[in-house]
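> Sequence and predicted structure, then a few things I'm wondering about:
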Amino acid sequence: EAQVTQNPRYLITVTGKKLTVTCSQNMNHEYMSWYRQDPGLGLRQIYYSMNVEVTDKGDVPEGYKVSRKEKRNFPLILESPSPNQTSLYFCASSADRANTEAFFGQGTRLTVV
Amino acid sequence: DAKTTQPPSMDCAEGRAANLPCNHSTISGNEYVYWYRQIHSQGPQYIIHGLKNNETNEMASLIITEDRKSSTLILPHATLRDTAVYYCIVRVRNTDKLIFGTGTRLQVFP
């Protein structure tokens, strides 16, 4: 089954404690991205990657890092999380930059206290 | 990217057609209309997209006006499981991101 898998689904952490949210897709997609969703603000893109070792900033990249060492994986790294990064995070992948049909993961609800 | 305007909420009786409108009066000639939906807090799900012509797939139909300034997503026989937030998005093909607005919250009732 084609899917994008994120882990963990829920996470509560403390300010400053580094964390990684993993994302993996099994469709051999080249294009992957991370979004965050906040009430009243909709989904905003954090980072995206067009292929292995190729990443770029989205609209709200501050406080986040990503890596793309393998095609299937695109982890989101918060080096020093802060409470304003409390949000619902989604990873997405698509076959190419045309993004005709993006597949989204189930989401990761992160709370930073 | 062109902006879209959608009603914040709509109701639909189960089994009836749900017609969700979207205005995109500033759409450019090379911008596509995409529809996604989000059920509760799950990841958004692709529904359909189009440029000029009307489109239909197993989930829905997309009707785009001739001037392309508005479109309607049609769910022909709405079910309770179609209750979700529906997002209309316009974007240039081959660009990096989907810009989600606030969408229309569709409530399907028995």
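Noted; the coordinates are in hand. Numbering: from 1, shown residues only, chains lettered A, B, ... in the order given.

> If you rank every helix and strand of chain B by mean pLDDT, what lands last?
strand B:84-92 (a mean of 89; mean pLDDT, DSSP states H and E).

> For B:T72, give me its contacts.
If a contact means Cβ atoms under 8 Å, 6 or more residues apart in numbering or on different chains, then B:T72 has B:N19, B:L20, B:P21, B:C22, B:L62, B:I63 as its contacts. C-beta coordinates here come from the backbone N, C-alpha and C atoms, glycine included.

> mind checking how far the residue of chain B at minimum distance from chain A is from B:T104?
With Cβ to the nearest Cβ, the shortest gap between chain B and chain A falls at B:G43, namely 3.0 Å. Distance, B:G43 to B:T104, by Cβ to Cβ, to the nearest Å: 18 Å.

> all strands of the chain, in order?
Chain wasn't specified; assuming chain A. Ranges of strands within chain A are A:4-7, A:10-13, A:19-25, A:31-38, A:42-51, A:54-57, A:65-66, A:76-78, A:87-94, A:103-104, A:108-112, based on DSSP state E.

> ah, no, chain B please
Using DSSP E, strands in chain B cover B:9-13, B:18-23, B:31-38, B:45-50, B:55-56, B:61-64, B:70-75, B:84-92, B:104-109.

> Show me what the fifth one packs onto, helices and strands only.
With contacts taken as 3 or more Cβ pairs under 8 Å, 6 or more residues apart in numbering or on different chains; DSSP states H and E, strand B:55-56 sits against strand B:45-50, strand B:61-64.

> Give me the contact status of the shortest one with chain A.
No - Strand B:61-64 lies out of reach of chain A by Cβ under 8 Å from any Cβ of the partner chain, never closer than 13.7 Å.

> Count the neighbours of B:S61 for me.
Using other Cβ atoms under 10 Å in any protein chain shown, B:S61 has 17 other residues around it.

> mean pLDDT for the strands of chain B: which is lowest?
Lowest mean pLDDT within these: strand B:84-92, a mean of 89.

> about what we covered before: rebuild the strands of chain B as a markdown table, extending it with distance to A:V4.
Output for the strands of chain B, formatted as a markdown table (distance: least, Cβ to Cβ, whole Å):
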| stretch | distance to A:V4 |
| --- | --- |
| strand B:9-13 | 29 |
| strand B:18-23 | 25 |
| strand B:31-38 | 14 |
| strand B:45-50 | 12 |
| strand B:55-56 | 24 |
| strand B:61-64 | 24 |
| strand B:70-75 | 23 |
| strand B:84-92 | 18 |
| strand B:104-109 | 24 |
